[in-house]
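S.K.: sequence? don't have it. structure:
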Ligand SMILES: C[S@@+](CC[C@H](N)C(=O)[O-])C[C@H]1O[C@@H](n2cnc3c(N)ncnc32)[C@H](O)[C@@H]1O
Ligand code: SF4
Ligand code: SF4
């Protein structure tokens, strides 16, 4: 039996922890101990399972028999094979056949509005993202590196945060320097390279740079307006298996788009390039920041993206320029315009709607464990990510060019990452530095961020502009109004209560904690309520099936509560058998119950 990584997966190690991610399905997993040992043995070359087991045998000495080790390893790889992280088969040809390329004809999260849910039969330490966040918080680790390869640009967008004098001065980072930085990034354990500008396709070596990133096993994203993209580059980009090309399309009306870019004919070129990339099965994401000139046409851009099976996203806040000049904000939406746009988004952007309605309310998370939340960073800038511009200056993120952390022509990237006082300053900022936000009930709808604060306030990252708050409250109002007037509120209700349970697990609160009982019992009643509501109000295609699932879950929850309360071994066993073949939310809930119960039984035995 042979095994190898899928071409869309990447494996990294953070200390003792193994990490595998798939750029196509966007699923990832973390492993400790044995899982990490297993992962270390797998790479892009097909390998005989027995050879790997023989190597592992040496790692474990005689602590486990070869048969047991083989069985465990096969279970491990088969599960990862089933979830598209690895390919397992009898011949190299079979592996190639099973290893799927990105394609618009196939359902995956980059093409369809409905996202995959992450089924995790194999034990994952915790919610992966939280786990990663915590691991890197303890020890900041550069995972994502953005290059502004050139400051030159073939457009002069009216809203752009990059000052025009910088574009006019021009300047490209030579390929030799880019390569040496990528080498350094590889040594630091880096994963994701974003190539941007200015306009990245003005860099004469953009294709060799992309190819070098591939050679170095990087996950690659490209940000571009695409107007300089040449046909012959498309095949090479496909061959390099880039994770994503994000491009800016501001309107379906060429005059409006061109008014924003200030380049006549630019919309036609960008649109044609998007269609060519899609035809070549390269993942494209449309970015459409909105401003006064184009907000009324955003729904049309969304529909266009959907017709191509691409994702689209917007930014309706707009960041001030990186030289702290705020004149570009004259194009920013008023609050009334923002509200009109948000209503359009709620109507047309299924992704946004699902995200907003399904997401566990952050405010609940905060109130559940305020102390822990207050210690968290606001984002990954300086913790997982940073940006290097063409002249070698390093910043915590794109757009934060007032916060120079060092220069890669004078110091190594590693030195800047580890020792720069500015990086350390950014890392020290936590949610707790914004006490007003910790208590704010628009928190779930807010996009406040350090660089936006900094650029708009003349250089104070802690100064929140009132506009961000006003927009957050409008967003909250629009979402709540939408939820109240739509059957979706029931789905939201349902999802949130699943998340309640999920949170309990994520926060690792002791199962014996009275608060958990309270929450579980409350979940149980809310579930019954939600079920009744759905039954009465929801016109659902799969109404019967949906109700059946809910009923099942209802049963499990009740059974689980009984189990936990009386702590009986037979109930625990019963619960374990019930676990088989249920949809994800049930699995999460049941897993949690099992973990809690196991803990209770363990405590009792001691
Ligand atoms: C700086 S550009 C660089 C890549 C490329 N030149 C492009 O326009 O796609 C990256 C993205 O930032 C967006 N952007 C520029 N200025 C912005 C601002 N002030 N606020 C928010 N987004 C902005 C652009 O519209 C574009 O989608
Ligand atoms: S948004 Fe992109 S294309 Fe427009 S001026 Fe800025 S860098 Fe150039
Ligand atoms: S709306 Fe204002 S106060 Fe509330 S979380 Fe956002 S920035 Fe903080």
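M.R.: Yep, it's here. These figures come from a predicted structure and were not determined experimentally. Residues are numbered from 1 along each chain as shown. Ligands and ions are numbered 1, 2, ... in the order given.
S.K.: switch to C-alpha atoms for all contacts and neighbour counts from now on
M.R.: Noted.
S.K.: spell out which parts of the stretch 151-300 of the chain neighbour ligand 1.
M.R.: 159-161, 196-199, 223-225, 247-248, 287, 289 (Cα under 6 Å from any ligand atom).
S.K.: of the residues you listed, buried ones?
M.R.: 159-161, 196-199, 223-225, 247-248, 287, 289 (16 or more other Cα atoms under 10 Å).
S.K.: filter those residues by proximity to ligand 3?
M.R.: Within these, nothing lies near ligand 3 by Cα under 6 Å from any ligand atom.
S.K.: now, these that are in strands?
M.R.: 196, 223-224, 247-248, 287 (DSSP state E).
S.K.: widest-spaced pair of those?
M.R.: Maximum pairwise distance among those (Cα to Cα): 13.6 Å, between 196 and 287.
S.K.: in a helix, residue 209, correct?
M.R.: Yes - according to DSSP: H, G, I helix; E, B strand; the rest coil, residue 209 belongs to a helix.
S.K.: renumber starting at 34 from here on
M.R.: Taking 34 as the first residue, the last one we looked at is residue 242.
S.K.: pretty sure it is touching residue 214, no?
M.R.: No - look at residue 242 against residue 214 with Cα atoms under 8 Å: they stay out of range, at 11.3 Å.
S.K.: OK, contacts around residue 176?
M.R.: 222-225, 417-418 (Cα atoms under 8 Å, 6 or more residues apart in numbering).
S.K.: how close does it sit to residue 219?
M.R.: Plainly put, residue 176 is 10 Å away from residue 219 if you go by Cα to Cα, to the nearest Å.
S.K.: and if you look at residue 64?
M.R.: In terms of Cα to Cα, residue 64 sits 21 Å off from residue 219.
S.K.: which one's more surrounded, those two?
M.R.: residue 64 (22 against 18; other Cα atoms under 10 Å).
S.K.: which residues does the more buried one bridge with?
M.R.: residue 51 (DSSP bridges).
S.K.: so it is in contact with residue 50, correct?
M.R.: Yes - with contact defined as Cα under 8 Å, residue 64 reaches residue 50; the gap is 5.6 Å.
S.K.: who touches the residue in the stretch 484-633 of the chain that ligand 3 sits nearest to in this structure?
M.R.: Proximity of the stretch 484-633 of the chain to ligand 3 (Cα to the nearest ligand atom) peaks at residue 502, 3.6 Å away. Counting by Cα under 8 Å, 6+ apart, residue 502 touches 475, 479, 481.
S.K.: could you do residue 252 as well?
M.R.: Residue 252 neighbours (Cα under 8 Å, 6+ apart): 43, 56, 224-226, 246, 275-276.
S.K.: quick check, the residue in the stretch 234-383 of the chain closest to ligand 3?
M.R.: For the stretch 234-383 of the chain, Cα to the nearest ligand atom, closest residue to ligand 3: residue 350, 12.5 Å.
S.K.: count of neighbours near the closest residue to that residue other than its chain neighbours?
M.R.: Closest residue to residue 350 apart from its sequence neighbours, by Cα to Cα, 6 or more residues apart in numbering: residue 365 at 6.9 Å. Look at residue 365: counted by other Cα under 10 Å, it has 21 neighbours.
S.K.: ditto for residue 116
M.R.: Counted with other Cα under 10 Å, residue 116 comes out at 18.
S.K.: look at residue 214 and report its pLDDT.
M.R.: On the pLDDT scale, residue 214 is placed at 98.
S.K.: ok, and what's touching stretch 316-327?
M.R.: Residues contacting stretch 316-327 (Cα under 8 Å, 6+ apart): 135-137, 143-144, 275-284, 289-290, 293, 307, 310-311, 331, 334, 338, 343-349, 351, 364-366, 370.
S.K.: which of the residues you listed fall within strands?
M.R.: 277-281, 344-346.
S.K.: quick one: residue 79 and residue 127 touch, right?
M.R.: No - counting by Cα under 8 Å, residue 79 sits too far from residue 127 to count as a contact (10.6 Å).
S.K.: so the two - more neighbours on which side?
M.R.: Using other Cα under 10 Å as the criterion, residue 79 and residue 127 rank with residue 79 on top: 20 against 13.
S.K.: export the contacts of residue 176 as JSON lines, with columns for neighbour count, pLDDT and secondary structure.
M.R.: Shown next, in JSON lines, are those (neighbours: other Cα atoms under 10 Å; pLDDT from 0 to 100; DSSP: H, G, I helix; E, B strand; the rest coil):
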{"residue": "222", "neighbour count": "16", "pLDDT": "93", "secondary structure": "coil"}
{"residue": "223", "neighbour count": "23", "pLDDT": "95", "secondary structure": "coil"}
{"residue": "224", "neighbour count": "20", "pLDDT": "95", "secondary structure": "coil"}
{"residue": "225", "neighbour count": "22", "pLDDT": "96", "secondary structure": "strand"}
{"residue": "417", "neighbour count": "21", "pLDDT": "92", "secondary structure": "coil"}
{"residue": "418", "neighbour count": "23", "pLDDT": "94", "secondary structure": "strand"}
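S.K.: can you put the residues you listed in CSV and add distance to residue 201?
M.R.: Converted to CSV, these look like this (distance: Cα to Cα, whole Å):
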residue, distance to residue 201
222, 35
223, 32
224, 32
225, 29
417, 31
418, 27
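S.K.: can you tell me which of the residues you listed is nearest residue 443?
M.R.: residue 418 (20.1 Å).
S.K.: can you tell me the closest non-neighbouring residue to the closest one?
M.R.: Nearest non-adjacent residue to residue 418 (Cα to Cα, 6+ apart): residue 177, at 4.7 Å.
S.K.: next, give phi and psi for the one you found.
M.R.: Dihedral pair for residue 177: phi -120, psi 130, per degrees, to the nearest 10.
S.K.: quick one: distance of stretch 105-119 to the chain centre.
M.R.: 23 Å (Cα atoms, centre = their mean, to the nearest Å).
S.K.: which stretch of helix or strand covers residue 448?
M.R.: Assessed by DSSP states H and E, residue 448 sits inside helix 446-452.
S.K.: what comes up buried for that helix?
M.R.: 446-447, 449-451.
S.K.: now swap in stretch 55-64 and tell me
M.R.: By 16+ other Cα under 10 Å, the buried positions in stretch 55-64 come out as 55-58, 60-64.
S.K.: greatest separation within the residues you listed: which pair is it?
M.R.: 57 and 64, at 20.2 Å, using Cα to Cα across the buried residues of stretch 55-64.
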